[in-house]
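Asker: Starting from these lines, generate the structure:
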Amino acid sequence: MTTGALLQTQVVEKAWQDPSFKAKLLADPKAAIQEALGVILPDHIKIKTVEESSDEFYVVLPTKPENVVKSDVKPAGAWF
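Answerer: Prediction:
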């Protein structure tokens, strides 16, 4: 797991457990992360926090790496 993925997991778990952290995360993500987890993010890093609902689905497109390997994974089933 990458450092970014680990941090994201920690942030999500903390938001699920702590409503005041979640509110701060939605309003001021960098400050919330720094205060709760002690992680200082550089000024050039921007963070946007959005909350999904049961009828929304967000897709985050990461920066395309240099050597992309095509996946053979086929979509399964339907969205419920």
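
Asker: Can you tell me what sits against the helix or strand residue 15 falls within?
Answerer: Mapping residue 15 onto the secondary structure by DSSP states H and E places it in helix 3-17. With contact meaning Cβ atoms under 8 Å, 6 or more residues apart in numbering, helix 3-17 is reached by 1, 21-22, 25, 33, 36-37, 39. No exception for glycine: its C-beta is placed from N, CA and C like everyone else's.

Asker: Tell me which two in these are the farthest apart.
Answerer: Among the contacts of helix 3-17, the pair separated by the greatest distance (Cβ to Cβ) is 1 and 22, at 22.5 Å.

Asker: For the two, work out which one has more neighbours and name it.
Answerer: residue 22 (18 against 8; other Cβ atoms under 10 Å).

Asker: Now do the contacts for that one.
Answerer: Residue 22 touches 15-16, counting by Cβ under 8 Å, 6+ apart.

Asker: now the helices: where do they sit in this protein?
Answerer: Using DSSP state H, the helices found in the chain span residues 3-17, 19-27, 29-37.

Asker: Need the mean per-residue confidence for the last one.
Answerer: Taken as a whole, helix 29-37 has a mean pLDDT of 95.

Asker: Can you spell out which helices and strands pack onto it?
Answerer: Packed against helix 29-37 by the contact rule (3 or more Cβ pairs under 8 Å, 6 or more residues apart in numbering; DSSP states H and E) you find helix 3-17, helix 19-27.

Asker: Let's have these in a markdown table, adding distance to residue 72.
Answerer: As requested, the helices and strands packed on helix 29-37 are exported to a markdown table (distance: least, Cβ to Cβ, whole Å):
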| stretch | distance to residue 72 |
| --- | --- |
| helix 3-17 | 23 |
| helix 19-27 | 37 |
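
Asker: if you compare those helices, which one is most tucked away?
Answerer: The highest mean neighbour count among the helices and strands packed on helix 29-37 belongs to helix 19-27 (a mean of 14), with neighbours defined as mean count of other Cβ atoms under 10 Å.

Asker: Give me the angle between that helix and helix 29-37.
Answerer: 150 degrees (axes from the mean of the first three to the mean of the last three Cα atoms, to 10 degrees).

Asker: Right, I'll call it a day here.
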